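>>> Any chance you can model this:
(chains A and B)
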2 protein chains.
Amino acid sequence: MKNVLAVDIGGTHFRTGLFDEQGRRLLVLEGDTDRVAGRDWMLSQIASRCRDLMEQTDAPVKACGLSFGGPVDFPHQKVTSVHSSGWKGFELGKWTEKTLGVPCRLDNDANAGALGEYHFGAGRGSKLMVYITISTGIGSGIIYEGKLLRGKDYMAGEIGHIPISDSGSLCSCGGRGCLESFSSGAAMESRALEWSKRRPEHVERMLELSGGPEITAKGLMMAAAEGDQPANQILKETARWLAHGILMIIRILNPEVIVLGGGVGQSGELLLKTLRNALDEIASPTITYSTEIVSATLGTYSALYGAAAIGLGVE
Amino acid sequence: MKNVLAVDIGGTHFRTGLFDEQGRRLLVLEGDTDRVAGRDWMLSQIASRCRDLMEQTDAPVKACGLSFGGPVDFPHQKVTSVHSSGWKGFELGKWTEKTLGVPCRLDNDANAGALGEYHFGAGRGSKLMVYITISTGIGSGIIYEGKLLRGKDYMAGEIGHIPISDSGSLCSCGGRGCLESFSSGAAMESRALEWSKRRPEHVERMLELSGGPEITAKGLMMAAAEGDQPANQILKETARWLAHGILMIIRILNPEVIVLGGGVGQSGELLLKTLRNALDEIASPTITYSTEIVSATLGTYSALYGAAAIGLGVE
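Numbers count the residues shown, from 1 in each chain, chains lettered A, B, ... in the order given. Sure, this is the predicted structure:
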């Protein structure tokens, strides 16, 4: 019996876990990411927590899988993130291997989340699954016949940057009309900000539930779930654009299941219902499909389970 | 040495061919489809031509592959076309098998074209290829690791009906904003018709080259190639929307190669150049890709070669 380590590095939280060969979670350590403290702080955290986990088990650890919340150069096992300082070009795979003394493999969090949900969550047993993570941004991972479909430049699943409109505000990628700039958590928050400028009296509940000076996607979703009218209007607008993106995936891939994860994506029935209504409105009545759209069953742990799956697959 | 029969049934032309085990074309018979004469006429044509081909070879014929220019229910080997009379629900696979006495398999022309270009044309050796046929309508076939990616309901590759706009005219599918209603040959022809109503003096060359009372996509492409200004304007508008559809495919699948076939799709360098310019305009400068976009090398024979590939794969 051998165990694997799993590491999930996100912009807000990070997690380290110990899993057995069946992908069962044995131990998990949670942490908050200190963005200001930067890369070296994060690396020392990972190293010490992984060592702690390795010491807490008698079974040998055969490998470590890592999920990074940002762009990853998979063939070179490097972080390519340009958003957070210190990470760009860092050979995280090699570093972890050297530090922990076990084989390691690294992937981005959308691919890791897809692997997690495919092996242990909502996508189990499916032939073709698309996992979409909707949080601050939007990403996805496609699993076909048990393996990630990566694409020629390892850029398959970049659905945050499919063009869904001819106009719209400038996206972080430099393009215009990207799905991410219409349907992400950040897009919901910009809509809420517009409301708070023009109609401050309508955003009170959203603000309250966000617990801060600004409306968060989470607070907005909570207000919408309570029946708050403006919050529901923002949710509907967001879901209508998301439906366009999802319909594109259905038309191109016709997967068995689309799994929604990430902070916004896994928020449950209200999002699913609003999204399904939007899909019914825009989809052709004659081209039918039976693709299911469901929430991630591993919740905030999709990517961590995926990191375990990556670890289990490493020779 | 065994040969296979290949049948390509289109709305304008139909072809029957004899191929050897390496997929080499031994004999091809060409025919014009008589839409008015209907299904039974077509069936008798296929039967007699296939028998002719079988008589012209001493090598035994092991199987027959068929490409049908319209929707096909692949698991039931039925035509599901609702556009042309008599075909709906017809078990073309079974009928051919009974008539010719050899195993037969049927697929739609987008999938057949994809198989043809993958095995014998522009997609040879690629890991992930998308074949897009642009003629009156738009369809596609996706080949991943040597096999068609069909999707849960056998509806993968329905890219003619991806939503690329929130508005636009009603599509034949009953939806609105479908790629097909913006970028197909029929869409080009509607744009030309608008011009001929409002600015008849500008469409003279297109009309001339179309050789009839109405502008055809073919005549329009010929005029554009000559440098005709209005024809180029229509081509650019069409290519701009097509670029949106193609960018979606690149973002989702990041294939090695996208092969353009069909009457409009294979029209050559001018379309490719206009399309690449449009892609450069809309694609993000930071998310790069090396997906190639090329013309089908089998030209009007993509689907016939694909039918041969289908025949060669039948046990």
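>>> With adjacent residues omitted, what lies nearest to the residue in the stretch 201-315 of chain A that chain B sits nearest to?
Nearest residue of the stretch 201-315 of chain A to chain B (C-beta to the nearest C-beta) works out as residue A:254 at 2.7 Å. C-betas here are computed from N, CA, C, even on glycine. The shortest distance from residue A:254 to any non-neighbouring residue, by C-beta to C-beta, 6 or more residues apart in numbering or on different chains, is to residue B:151 (2.7 Å).
>>> my read: the one you found touches residue A:130, true?
No. Counting by C-beta atoms under 8 Å, residue B:151 does not reach residue A:130; the two are 11.1 Å apart.
>>> who's more crowded, these two?
residue A:130 (29 against 23; other C-beta atoms under 10 Å in any protein chain shown).
>>> Touching both of residue B:151 and residue A:130, which residues are there?
A:253, A:255 (C-beta atoms under 8 Å, 6 or more residues apart in numbering or on different chains).
>>> ok so, going back, quick one: residues contacting the residue nearest to residue A:254.
Applying C-beta under 8 Å, 6+ apart, the residues contacting residue B:151 are A:128, A:253, A:254, A:255, B:157.
>>> Take the residues you listed and keep only those in strands.
residue A:128 (DSSP state E).
>>> for stretch A:96-115, which positions count as buried?
Using 16 or more other C-beta atoms under 10 Å in any protein chain shown as the burial criterion, the residues of stretch A:96-115 that qualify are A:96-97, A:99-100, A:102-115.
>>> So is it next to chain B?
No. For stretch A:96-115, no contact with chain B is found by C-beta under 8 Å from any C-beta of the partner chain; the gap never falls below 12.5 Å.
>>> Just the C-alphas of that stretch, formatted as CSV.
Only the C-alpha atoms of stretch A:96-115 are listed here, as CSV (Å, rounded to 0.1, in the frame of the first residue of the first chain):
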residue,chain,number,x,y,z
THR,A,96,8.8,19.7,-5.6
GLU,A,97,10.5,16.5,-6.8
LYS,A,98,13.9,17.7,-5.4
THR,A,99,12.4,19.0,-2.2
LEU,A,100,10.2,15.9,-1.3
GLY,A,101,12.3,13.2,-3.0
VAL,A,102,9.4,11.6,-4.8
PRO,A,103,8.2,11.9,-8.4
CYS,A,104,6.0,14.9,-9.0
ARG,A,105,3.7,16.2,-11.7
LEU,A,106,2.1,19.6,-12.1
ASP,A,107,-1.0,20.8,-14.0
ASN,A,108,-3.3,23.8,-13.9
ASP,A,109,-6.3,23.9,-11.6
ALA,A,110,-8.9,23.5,-14.4
ASN,A,111,-7.3,20.3,-15.6
ALA,A,112,-6.8,19.1,-12.0
GLY,A,113,-10.4,19.9,-11.2
ALA,A,114,-11.5,17.9,-14.3
LEU,A,115,-9.4,14.9,-13.3
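>>> what about the strands in the stretch 151-300 of chain A?
For the stretch 151-300 of chain A, applying DSSP state E, counting those that start in this stretch gives strands covering A:257-261, A:292-295.
>>> Close to chain B: what parts of the stretch 201-315 of chain A are there?
So the stretch 201-315 of chain A meets chain B at A:244, A:247-249, A:251-256, A:282-291 (C-beta under 8 Å from any C-beta).
>>> what about the stretch 1-150 of chain A, any weak spots by pLDDT?
The stretch 1-150 of chain A contains residues with pLDDT under 70 at A:82-83.
>>> Let's see that with 80 instead.
Along the stretch 1-150 of chain A, the parts satisfying pLDDT under 80 run over A:1, A:81-85.
>>> How about the residues of it by chain B?
Near chain B, when you scan the stretch 1-150 of chain A using C-beta under 8 Å from any C-beta, you find A:127, A:128, A:142, A:144, A:149, A:150.
>>> Closest one to residue B:170 out of the residues you listed, please.
Among the residues of the stretch 1-150 of chain A next to chain B, residue A:128 lies closest to residue B:170 (C-beta to C-beta), at 30.3 Å.
>>> List the residues that contact that closest one.
Here residue A:128 is in contact with A:142, A:143, A:144, A:145, A:253, A:254, A:255, A:256, B:149, B:151, B:152 (criterion: C-beta under 8 Å, 6+ apart).
>>> picking that back up, make a ChimeraX selection of the buried ones in the residues of the stretch 201-315 of chain A next to chain B.
Buried residues within these, by 16+ other C-beta under 10 Å, are selected in ChimeraX with:
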select /A:244,247,248,249,251,252,253,254,255,256,282,283,284,287,289,291
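>>> Inside helices: which ones of the residues of the stretch 201-315 of chain A next to chain B?
Those of those mapping onto helices are A:244, A:247, A:248, A:249, A:251, A:252, A:253, A:282, per DSSP state H.
>>> Check those and tell me the two furthest apart.
The most distant members of those, if one measures by C-beta to C-beta, are A:253 and A:282, lying 17.5 Å apart.
>>> Settle this for me: residue A:116 is touching residue A:301, isn't it.
Yes. Under the criterion of C-beta under 8 Å, residue A:116 makes contact with residue A:301 at 7.1 Å.
>>> who's more crowded, these two?
For residue A:116 versus residue A:301, neighbours defined as other C-beta under 10 Å are more numerous around residue A:116 (35 against 24).
>>> State the helix or strand in which that one lies.
Here residue A:116 sits within helix A:109-120, counting by DSSP states H and E.
>>> So what's the gap between that helix and the chain middle?
9 Å (C-alpha atoms, centre = their mean, to the nearest Å).
>>> Nearest to residue A:222 among the ones in helices among the residues of the stretch 201-315 of chain A next to chain B?
Using C-beta to C-beta, residue A:244 comes nearest to residue A:222 of these, at 25.3 Å.
>>> Look up the closest residue to the closest one, ignoring the ones flanking it.
residue A:164 (4.8 Å).
>>> For that neighbour, give me its contacts.
Going by C-beta under 8 Å, 6+ apart, residue A:164 touches A:177, A:178, A:179, A:182, A:241, A:244, A:245, A:248.
>>> do that again at 10 Å, thanks
A:177-183, A:241-245, A:247-248, B:163-166, B:244, B:248 (C-beta atoms under 10 Å, 6 or more residues apart in numbering or on different chains).
>>> just residue A:18 next, same as before
Residues near residue A:18 by C-beta under 10 Å, 6+ apart: A:3-6, A:24-29, A:50, A:52-54, A:56-57, A:59, A:61, A:308.
>>> switch the cut-off to 7 Å
Residue A:18 makes contacts with A:3, A:5, A:26, A:27, A:53, A:57, as judged by C-beta atoms under 7 Å, 6 or more residues apart in numbering or on different chains.
>>> of all those, which comes closest to residue A:68?
Closest to residue A:68, out of all of the contacts of residue A:18 and judged by C-beta to C-beta, is residue A:5, at 14.7 Å.
>>> Am I right that that closest one sits in a strand?
Yes. Under DSSP: H, G, I helix; E, B strand; the rest coil, residue A:5 falls within a strand.
>>> bridging residues for it?
On the basis of DSSP bridges, residue A:5 is bridged to residue A:18, residue A:64.
>>> quick one: it and residue A:304, what's the gap?
Separation of residue A:5 from residue A:304 (C-beta to C-beta, to the nearest Å): 11 Å.
>>> now swap in residue A:248 and tell me
For residue A:248, the distance to residue A:304 equals 29 Å [C-beta to C-beta].
>>> can you map out the helices along the stretch 151-300 of chain A?
Ranges of helices within the stretch 151-300 of chain A are A:180-183, A:185-198, A:204-210, A:217-226, A:229-253, A:262-265, A:269-282, based on DSSP state H, counting those that start in this stretch.
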